[in-house]
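# Return atomic coordinates for the entry below.
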Amino acid sequence: MSSSKFNRRNFLKLTAAAASGAVLGACAPAVTPTAAPTNPPAPTATTPPAEPVNIEFWNGDSIDYQLGYTLITDAFNAAHPDIKVEVKNAPGGAFDEKLLTMIAGGEGPDCWLQIPTASQARLGHYAHLDPFLERDGIDLASTWFELAWKSHQWEGKMYSVPRDVGWSAMAYNKDLFDDMGVEYPPVTDFTYDQFLDLALKTTDVDKGYWGTNFVGAGTLLWYGSIGFNLGFVANSPDGRTVKGLLDSDASIEAIQKILDLEVKHKVGPGAAAMDALGNGFGSGKVALGDCSTWGLKDQKEFPFAWEQVRQPMVPGQQEYSWGGSPAFFMWTKAQNQDQIWELLKFASTDGSKLAHEAGQWQSPMPSVWLETGADKDPLLNFYLEYAKLPTDTPPYEREQFWECVGTPYFDIWTRYIENGETDLKKIVTEAADTAQTALDDAFANQ
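Down below sits the predicted model:
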C-alpha cells in the first residue's frame with residue numbers, strides 16, 4: 001500500500017463512495033448552495049391522500065446489501081397502504097454526480113442513503129429533521145448509539161437518521177501465530193511496541209507471511225482508531241484547520257511509525273505484494289490486519305481461526321474506538337415530507353432490526369443488538385464493549401473540502417518512499433502548508 005498510485009486510487013474511490021455530494025477534482029462546491037433552513041416550521045399531521053403517495057428512495061449500495069432495503073421497504077409498504085416506496089439503485093461510482101445534477105435541476109430524489117461530511121448540510125440539500133424527531137418524541141441518546149446520531153450533526157442539528165452503526169478494529173490470525181510459535185496479542189491495552197514486536201515475529205518472506213497490512217497513507221485515515229491512538233491528527237473537528245495539526249510533532253511521529261513498518265522494519269507489504277494478497281487479512285497470509293462489523297459476514301467464513309483485538313496505542317495517549325454510520329437523508333424540496341419521514345424513521349428503528357437479523361448491517365439501536373443476542377455473540381460483544389471507548393470522527397468526514405487536505409497528505413508517501421526524500425518533518429510541514437492554503441481558498445470561494 002505504499003505506492004502513491006495505489007493509495008490515491010483508494011483515496012479517490014473512498015471519496016467518491018463515502019462523501020456523496022462532496023467536491024471531486026476541485027476544492028469548491030460543484031453546485032450553488034442554498035441556505036440551509038435554520039428554523040423550519042414544525043411538521044403537522046396530514047390526512048392520507050386518496051391515492052398512494054409515491055416516494056423515491058435512492059440507494060447507491062452494492063448488490064450484497066440489497067436484501068436489507070428490500071426487507072425494509074416491503075415491510076413499510078405493507079404497513080402503509082397509503083404510501084408506495086420505490087427503491088432506485090444508483091451505482092456508487094456515479095452517485096455523487098447524479099445526485100448533484102438532479103438537485104441542481106430541481107429534480108432530486110425524495111430521500112437517499114449517504115455517508116457525507118456533516119458540513120454539507122450548509123448546502124441546503126438536506127431537510128432539517130429535529131422538528132420531526134421532537135414531534136414524535138424520539139430521544140436521540142436513548143434510541144441510537146451515540147456515534148450514530150452525533151456523527152452527522154451539523155451545528156447541533158439533525159439532518160439525517162442513521163441507517164446502521166459499525167466499528168473497525170484489528171484482528172489477528174491465530175493459525176498463523178500458532179504456526180510461527182508466537183504468543184497471541186492482548187485483547188486490550190495493546191501498545192504499538194507490542195504490535196511492532198509481534199509483526200516482526202510473524203513476518204516470514206519465505207512462507208509469504210506478513211506481520212501486518214497496516215501500511216500506507218490510508219492506515220491513519222480509514223483503517224480505524226490507530227491514527228487517533230498514535231496521536232495523529234490531520235485536521236480540526238470543524239474541518240477548517242490543518243496547520244499545526246498535521247505537522248505537529250505527534251502527527252509526524254505517527255506518520256513515521258507507519259512508514260517504518262514498510263520501509264525500515266519491512267513487516268508490511270508494498271503495493272505489488274498487497275495486490276498479490278488480494279483479500280488482505282482474509283488471505284490468511286497477514287498476522288495482524290483490519291476487521292470491522294461491516295465485514296462480519298465474510299469474516300465468519302475465513303478458513304482460519306482469528307480473533308479481534310483493540311488497535312495499538314502509545315502509552316499516555318487517549319485510546320479511541322473508530323466507527324461510522326451511513327445515514328438516510330430527505331431532500332429539502334421534497335413533497336410529502338410527512339410520509340417520507342415515516343419511511344426514514346421506520347428504516348432507522350424497527351426496520352433496522354430486519355436488516356440486522358438478516359446479517360445485512362448492524363442496527364444503530366443498542367436495544368436491537370441486545371434483543372438479538374449480540375452480547376452473547378463473541379464477535380458482536382467485542383464491538384459492544386469497544387463502543388464504550390471515546391469515538392472521534394474520521395478526518396475525511398470532517399469537511400466537504402477534504403480533497404484539499406487529502407491530496408497533499410498522500411503526497412507525503414510519494415515523496416518519502418518513491419522520491420527518496422528523508423526529511424519527514426520538512427515534507428509534512430510543506431504538505432500542511434499546501435493543504436491549509438487550499439482549504440482557506442475553498443472556504444473563501446464557497
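
# Check the gap between the residue nearest the centre of the chain and Pro364 for me.
Central residue of the chain (C-alpha atoms, centre = their mean): Gly324, 4.4 Å from the mean position. Gly324 sits at a distance of 11 Å from Pro364 (criterion: C-beta to C-beta, to the nearest Å). C-beta coordinates here come from the backbone N, C-alpha and C atoms, glycine included.

# And for Thr101?
Using C-beta to C-beta, we find Thr101 at a distance of 30 Å from Pro364.

# Looking at these two, which is more packed in?
Taking neighbours as other C-beta atoms under 10 Å, Thr101 and Pro364 compare with Pro364 leading, 26 against 14.

# Pretty sure the more buried one sits against Lys353.
No: assessed by C-beta atoms under 8 Å, Pro364 is found out of contact with Lys353, at 10.6 Å.

# Now do the contacts for the residue nearest to the centre of the chain.
By C-beta atoms under 8 Å, 6 or more residues apart in numbering, the contact list for Gly324 reads Ile115, Leu147, Ser151, Val165, Gly166, Ser168, Pro394, Glu397.

# what about 7 Å?
Contacts here follow C-beta atoms under 7 Å, 6 or more residues apart in numbering; on that basis Gly324 touches Ile115, Ser151, Gly166, Pro394.

# Output the residues you listed in JSON lines; the columns should cover neighbour count, secondary structure and pLDDT.
Listed next are those as JSON lines, based on neighbours: other C-beta atoms under 10 Å; DSSP: H, G, I helix; E, B strand; the rest coil; pLDDT from 0 to 100:
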{"residue": "Ile115", "neighbour count": "20", "secondary structure": "coil", "pLDDT": "84"}
{"residue": "Ser151", "neighbour count": "23", "secondary structure": "coil", "pLDDT": "84"}
{"residue": "Gly166", "neighbour count": "21", "secondary structure": "strand", "pLDDT": "90"}
{"residue": "Pro394", "neighbour count": "24", "secondary structure": "coil", "pLDDT": "85"}
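
# Taking those together, which two end up most distant?
The span of those, defined through C-beta to C-beta, is set by Gly166 and Pro394 at 12.1 Å.

# And the strands in the protein, which stretches?
53-59, 83-89, 111-114, 161-162, 166-173, 210-212, 286-292, 306-309, 322-324, 327-330 (DSSP state E).

# Could you check how far the longest one is from the centre of its chain?
Translated: strand 166-173. Relative to the centre of its chain, strand 166-173 is centred 14 Å away, using C-alpha atoms, centre = their mean, to the nearest Å.

# same question, the first one
If you compare the mean C-alpha spot of strand 53-59 with that of the full chain, they lie 25 Å apart, counting by C-alpha atoms, centre = their mean.

# Which residues are in contact with Met180?
Under the criterion of C-beta under 7 Å, 6+ apart, the neighbours of Met180 are Lys201, Thr202, Asp204.

# How about Leu196: what's its closest non-neighbour residue?
Ranked by C-beta to C-beta, 6 or more residues apart in numbering and with sequence neighbours excluded, the top spatial neighbour of Leu196 is His265, at 6.7 Å.

# Phi, psi for the one you found please.
Dihedral pair for His265: phi -90, psi -20, per degrees, to the nearest 10.

# Count the residues that sit near it.
The burial count assigned to His265 is 17, neighbours taken as other C-beta under 10 Å.

# isn't it right next to Leu200, touching?
Yes: taking contacts as C-beta atoms under 7 Å, His265 lies within contact range of Leu200: 6.3 Å.
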